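**Q** turn this into a model:
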Amino acid sequence: MNKKPIKVNENSKLSLIFYIFIYLLVSPFLFSEEDLSIEDIRELQELKLGESVINDKQEKFLELQTTVQREEEEEECLDCIYGYSLFVDTPTTFALSTNTPIPQDYILGPGDKLNIQYFGNNKARTDTFISRNGSINLPLLGPISIAGLDLENAEELIKKRVGEELIGTEVYISLSELRSINVYIVGAAYKPGTYNVSALSTLTNVIFATGGPDKVGSLRNIQVKREGKLIKAYDFYRLLLEGDTSQDMRLLEGDTIFYPLIENTVRIDGSVQRPGNYEILEGNTLSQVLQFSGLQNKADIKIQFSRFEKVINERKVRILDDIEESTNILIKDGDSINILRSSKQDQANVLLSGEFLYPGYYDISAGQTILEIIDQAGGFTELAYPEGAVFTRESVREQQKESYEKNAQNLERSLVDAVSSGSQIDGEAYMAISEFIEKLRAQEPIGRQVASIDEYSLQSDPKLNFTLQDGDSIFIPKRSTSISVVGEVLNSTTLLFKEELSIQDYIDLAGGTTDGADLSRIFIILPNGQSLIFKKKLFQNEINNRLLPGSTIVVSRDPDPYNWLSLTSIITPILSDLAISAASISAISNDN
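**A** Residues are numbered from 1 along each chain as shown. Here you go, the predicted structure:
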């Protein structure tokens, strides 16, 4: 019988190829479930909370373990007890190390996987799970019940049976996989419920993994119950504040972790390392509570202790001067403790750098003045130039930074007003002002304050010899022999100082001013940071005479192109401040 070939048109071929492609693409997802190994399933299910994968046919148990992730709170909880914030930033996953050694007292149960190997006359190897009836099948021997035994006794039982029934055969037993257990989290917990965790999980593991207590849940009386009986009262503060892990315990199937409500709290403030609310237990003393918060300094302190007295219905406040006798006071719920430290304990340092005979940090806690601290540093070196001293103060730096920010806001406001009023703004001018505002906000002032540091001025005028503050800095440069000319000149440069030269002479030596210079606003920055305005007039001998080596001449830019914004009154003081900062930084970098 002749077979006739089947004719397939081109469209049928394309359809056939398409269906084959779809079949090959989808078939792994439709038919491969039974082919997945235990390890594959574990990887797919690894981060699912409260689940365990069990293959009933093969009686294989898998443990899965994750951590509850708290939702981010908008504001810090100021009324929460100390320790609560520890659970806010818990990691997204929590699992015991796979390399954790199995203790000999580990209780075996359904779901544990044993690796059994025979050596000697009989050789065999098997990996088997403990079945739900608590038994395993030994090669060549059959079932043996070991559930409920600890690992040590189970090994002895298996070795005894193998030794009796398989003469000349030795057996090696190891626990290769652990079962999962269910524990209950109830009470004032962050996420109450039933959790499936590793059989090696301890109480501390589960507390972290489940998110800990709620805001009203106790941390010092965490209760573990087994079959309705209290078997452990766990004080989390002992772990958190003392590093004591002796309370920890391994959990068993069906254990319950109960968080009671907080009963007693105390508030600690003042000169302590960890101020805040603390949970207290009955019988806690003042000394124990102070150990929780940590004193910043134990010398010369007083304790302000307040307690609400129910009998008179008011809060009594008293000052405890004798700390030693007061430490045994029993603390009650609602007590408030403030640690008062003498201001004489405050430390203050000043940094002396540059041309001091002994530069470095000096303590000024006793209220030393500039002249006193110079004497302690051994005075100046022969190369010192105290007329160009750079004195900085942190409070001045903060004020300057705030001033820059306000000026930037004023410029932005003026820019918006100009646009709103319909003024025609040149694109380049707009970009120039915008860039200037950005640079103004990014500028970091050094906090320079004009000060006379030379010993003659300090001795002749007591007002100049002021008291130093913590964080002050004094830099003495080497003797300068130059004058700097910057800004709107043809060639910004540094020139050799000559007494016979005037300010205009130095500007001419720098190539003269550019077309964009504002000749009515030329700044002279003296070495000590003081700024003066130089105007081209017939008589300027006074300013010329005050020009000293190390001075800086700044020729400002003419603001006329930006008159639409009325910038002159705003930019002029800014440029002055920036020029002072630039001169200070230049003095430090060039002469240090």
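
**Q** name the SS class of Val224, please.
**A** Under the three-state scheme (DSSP: H, G, I helix; E, B strand; the rest coil), Val224 adopts strand.

**Q** quick check: it touching Met249?
**A** Yes: using C-beta atoms under 8 Å, Val224 is in contact with Met249, at 6.9 Å. Placement of C-beta: from N, CA and C, glycine included.

**Q** between those two, what contacts are shared?
**A** 203, 232 (C-beta atoms under 8 Å, 6 or more residues apart in numbering).

**Q** these two: which is more packed in?
**A** For Val224 versus Met249, neighbours defined as other C-beta atoms under 10 Å are more numerous around Val224 (21 against 14).

**Q** got a list of what the more buried one touches?
**A** Neighbours of Val224 in contact, by C-beta under 8 Å, 6+ apart: 203, 230-232, 234, 249, 251, 255-258.

**Q** need those residues in CSV with distance to Phe129 and pLDDT, can you?
**A** Converted to CSV, the contacts of Val224 look like this (distance: C-beta to C-beta, whole Å; pLDDT from 0 to 100):
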residue, distance to Phe129, pLDDT
Leu203, 27, 92
Leu230, 33, 95
Ile231, 29, 95
Lys232, 30, 93
Tyr234, 32, 95
Met249, 26, 91
Leu251, 21, 90
Asp255, 22, 94
Thr256, 27, 96
Ile257, 27, 96
Phe258, 32, 97
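
**Q** which of the residues you listed sits closest to Asn122?
**A** Among the contacts of Val224, Leu251 lies closest to Asn122 (C-beta to C-beta), at 38.6 Å.

**Q** residues touching that closest one, list them.
**A** Going by C-beta under 8 Å, 6+ apart, Leu251 touches 181, 183, 197, 201-203, 206, 224.

**Q** could you identify which of those has the most neighbours?
**A** Neighbour max across the contacts of Leu251 (other C-beta under 10 Å) = Val197, 25 neighbours.

**Q** helix, strand, or coil at that one?
**A** On the basis of three-state DSSP, Val197 is classed as strand.

**Q** pretty sure it is touching Ile181, no?
**A** Yes: between Val197 and Ile181 a contact is recorded at 6.3 Å, counting by C-beta under 8 Å.

**Q** name the element Leu495 belongs to?
**A** Of the helices and strands defined by DSSP states H and E, Leu495 is found in strand 493-496.

**Q** which strands and helices sit next to whichever helix or strand comes after that strand?
**A** The C-terminal neighbour of strand 493-496 among helices and strands, as given by DSSP H and E, is helix 503-509. Helix 503-509 sits against strand 482-487, strand 493-496, strand 517-525, strand 552-557, with contacts defined as 3 or more C-beta pairs under 8 Å, 6 or more residues apart in numbering; DSSP states H and E.

**Q** how about helix 503-509 as CSV, C-alpha atoms only?
**A** C-alpha atoms of helix 503-509 as CSV (Å, rounded to 0.1, in the frame of the first residue of the first chain):
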residue,chain,number,x,y,z
ILE,A,503,47.0,101.1,47.0
GLN,A,504,46.5,102.6,43.5
ASP,A,505,50.2,101.7,42.8
TYR,A,506,49.6,98.1,43.6
ILE,A,507,46.4,98.0,41.5
ASP,A,508,48.4,99.5,38.6
LEU,A,509,51.2,96.9,39.0
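
**Q** I'd like the average pLDDT over that helix.
**A** Average pLDDT, helix 503-509: 90.

**Q** quick check: buried residues in it?
**A** Across helix 503-509, burial judged by 16 or more other C-beta atoms under 10 Å covers 503, 506-507, 509.

**Q** likewise for stretch 485-502?
**A** Result for stretch 485-502 [16+ other C-beta under 10 Å]: buried residues 485-489, 494, 497, 501-502.

**Q** domains in the protein, by residue range?
**A** For the chain, automatic domain parsing gives the domain ranges 113-177, 265-345, 395-446+480-591.

**Q** any chance of the ones you listed in JSON lines, plus distance to Tyr385?
**A** JSON lines is the format used below for those (distance: least, C-beta to C-beta, whole Å):
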{"stretch": "domain 113-177", "distance to Tyr385": "78"}
{"stretch": "domain 265-345", "distance to Tyr385": "37"}
{"stretch": "domain 395-446+480-591", "distance to Tyr385": "6"}
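
**Q** of all these, which lies closest to Val88?
**A** domain 265-345 (14.2 Å).

**Q** which residue, other than its chain neighbours, is closest to Ser145?
**A** The shortest distance from Ser145 to any non-neighbouring residue, by C-beta to C-beta, 6 or more residues apart in numbering, is to Ser135 (4.5 Å).

**Q** quick one: residues contacting that neighbour.
**A** 143-147.

**Q** from Ile476, how far off is Tyr234?
**A** 62 Å (C-beta to C-beta, to the nearest Å).

**Q** more neighbours, these two?
**A** Ile476 (28 against 20).

**Q** over to Glu438. Which of the three states is it?
**A** Under three-state DSSP, Glu438 comes out as helix.

**Q** run a quick neighbour tally on it.
**A** The burial count for Glu438: 11, using other C-beta under 10 Å.

**Q** which residues touch it?
**A** Applying C-beta under 8 Å, 6+ apart, we find Glu438 in contact with no residue.

**Q** let's see the pLDDT reported for it.
**A** 86.

**Q** the one 4 residues further on now?
**A** At Ala442, the predicted lDDT confidence score is 86.

**Q** quick one: find the helix or strand in this protein with the lowest mean pLDDT.
**A** strand 60-61 (a mean of 32; mean pLDDT, DSSP states H and E).

**Q** for the residue lying closest to Val183 once chain neighbours are set aside, give me phi and psi.
**A** Nearest residue to Val183 in three dimensions, chain neighbours excluded: Asp255, at 5.0 Å (C-beta to C-beta, 6+ apart). Taking degrees, to the nearest 10, you get phi -60, psi 150 for the backbone angles of Asp255.

**Q** residues near Asp255, how many?
**A** With other C-beta under 10 Å as criterion, Asp255 counts 21.

**Q** in CSV: the contacts of Leu251, plus distance to Asn284.
**A** Formatted as CSV, the contacts of Leu251 follow (distance: C-beta to C-beta, whole Å):
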residue, distance to Asn284
Ile181, 35
Val183, 30
Val197, 32
Ser201, 30
Thr202, 26
Leu203, 22
Val206, 26
Val224, 22
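
**Q** restricted to strands, list those residues.
**A** Of the positions in the contacts of Leu251, 181, 183, 197, 224 sit in strands, assigned by DSSP state E.

**Q** which of the residues you listed sits closest to Val390?
**A** Nearest to Val390 among the ones in strands among the contacts of Leu251, with distances taken as C-beta to C-beta, is Val197, at 63.1 Å.

**Q** hang on, the earlier thing: contacts only, for the residue nearest to Val183.
**A** Counting by C-beta under 8 Å, 6+ apart, Asp255 touches 181, 183-184, 224-226.

**Q** ditto for Glu412
**A** Here Glu412 is in contact with Ile437 (criterion: C-beta under 8 Å, 6+ apart).

**Q** longest helix in this structure, by number of residues?
**A** helix 394-420 (DSSP state H).

**Q** pLDDT of that helix, averaged?
**A** 84.

**Q** with adjacent residues omitted, what lies nearest to Thr204?
**A** Asp248 (5.1 Å).

**Q** count of neighbours near the one you found?
**A** 14.

**Q** surely it is in a helix?
**A** No: counting by three-state DSSP, Asp248 is not part of a helix but coil.

**Q** who's in contact with stretch 121-131?
**A** With C-beta under 8 Å, 6+ apart as the test, stretch 121-131 has contacts from 58-61, 108-118, 136-137, 139-140, 146-147, 166-169, 176-177, 179.

**Q** ChimeraX command for the buried members of the residues you listed?
**A** In ChimeraX syntax, the buried subset of these is picked out as below (16+ other C-beta under 10 Å):
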select :60,61,108,109,110,111,112,113,114,116,118,136,139,146,147,166,169,177,179
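
**Q** Gln291 touches Leu241, doesn't it?
**A** Yes: contact criterion C-beta under 8 Å: Gln291 and Leu241 qualify, at 7.5 Å.

**Q** neighbour count for those two, which is higher?
**A** Leu241 (17 against 13).
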